[in-house]
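Engineer: Predicted coordinates and the sequence they were generated for:
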Amino acid sequence: MKTQGRQGLVWGALLIIVGFVALLETFFDLSAWVWVAILAACGFGTYALYATERSEKWMLVVSYALLAIAGLVSLTTLNVLRDPFIATYVLVVIALPFLVSYFQGDRTQWGTLIPAYVLLAVGVMVPLIDFGVLDGILVAAYVLFAIAIPFFVVYARDTKQWWALIPGGITGIVGLSFLIAKSAVVYVAPAVLIVAGTWVLVRQFTRKETDLE
């Protein structure tokens, strides 16, 4: 069967199945597990078609997407995946194909690592913000460090690529300055209060001594 015919078969079948189940949903209160079973069945069915003709990579993508959605519904239904981690799950699921593509292909072509790294960095940042670990200026510091790390990795792999130290060093220093500023706020505010209080007391006593004279 030609590629166009396979595409029509897969997409047509998926649309009919989803439409039929959506119609049933209007008459019956279907369990989330029904959707999980249907998504998983469609995912494995698409993969079975891909296994017969592995040159058609698009079917592998469709299969992966259906199984990933089935996994998401399963984990949220079981309350294993809480709200803060849903975005992380989605971003990691999107990043994984890029990582697989890199490790299965020519590892000198590291272009696929860029979107994977960005997605994973954001995926880690989202729950950290939600749990209050990162807030305000620390978010900016995290982003800057996340930008700096790949440049340092490039230099560490090949010290001849010294140019990587320039953007990596600049973003790293700016990120570090944000961290120092965040820490400084913690200590500066109490220090200012102590100095101000001391100044008020000293002024009060010196004023009394002046008045006595």
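Structural biologist: Alright, I've got the coordinates. Numbers count the residues shown, from 1 in each chain.
Engineer: mind checking which helix or strand the most centrally placed residue in the chain is in?
Structural biologist: Residue closest to the average C-alpha location in the chain (CA atoms, centre = their mean): G123, at 1.4 Å. For G123, the host element (DSSP states H and E) is helix 113-130.
Engineer: buried stuff in that helix?
Structural biologist: If you call a residue buried by 16 or more other CB atoms under 10 Å, then helix 113-130 has these buried ones: L113, A116, Y117, V118, L119, L120, A121, G123, M125, V126, P127, L128. Where C-beta positions appear, they are placed from N, C-alpha and C, glycine not excepted.
Engineer: before we move on, what about stretch 83-97?
Structural biologist: F85, T88, Y89, V90, L91, V92, V93, I94, A95, P97.
Engineer: Dump those to CSV, plus pLDDT.
Structural biologist: Shown next, in CSV, are the buried residues of stretch 83-97 (pLDDT from 0 to 100):
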residue, pLDDT
F85, 86
T88, 89
Y89, 91
V90, 90
L91, 90
V92, 91
V93, 91
I94, 89
A95, 90
P97, 87
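Engineer: Let me see the contact set for G111.
Structural biologist: Shown here is G111, which makes no contacts under the criterion CB atoms under 8 Å, 6 or more residues apart in numbering.
Engineer: One more: L144?
Structural biologist: Counting by CB under 8 Å, 6+ apart, L144 has contacts T171, G172, V174, G175, F178.
Engineer: ok, so of the residues you listed, who is nearest V139?
Structural biologist: F178 (9.2 Å; CB to CB).
Engineer: what's the nearest residue to the closest one if we skip its chain neighbours?
Structural biologist: Leaving aside its sequence neighbours, F178 sits nearest to A141 (CB to CB, 6 or more residues apart in numbering; 4.0 Å).
Engineer: quick one, what contacts the one you found?
Structural biologist: Residues in contact with A141, defined by CB under 8 Å, 6+ apart, are G175, L176, F178, L179, K182.
Engineer: Without its sequence neighbours, what residue ends up closest to the fourth one?
Structural biologist: It refers to L179. Spatial nearest neighbour of L179, excluding adjacent residues (CB to CB, 6+ apart): A141 at 5.1 Å.
Engineer: before we move on, which element is the one you found in?
Structural biologist: Element membership for A141, per DSSP H and E: helix 137-157.
Engineer: Repeat that for D135.
Structural biologist: Here D135 is assigned to no helix or strand, by DSSP H and E.
Engineer: for it, what are its contacts?
Structural biologist: Neighbouring residues of D135 by CB under 8 Å, 6+ apart: I129.
Engineer: Over to the one 5 residues further on?
Structural biologist: Contacts for A140 (CB under 8 Å, 6+ apart) come out as G175, F178.
Engineer: if you set the cut-off to 6 Å instead, what comes out?
Structural biologist: Applying CB atoms under 6 Å, 6 or more residues apart in numbering, we find A140 in contact with F178.
Engineer: how close does it sit to L128?
Structural biologist: According to CB to CB, to the nearest Å, A140 and L128 sit 13 Å apart.
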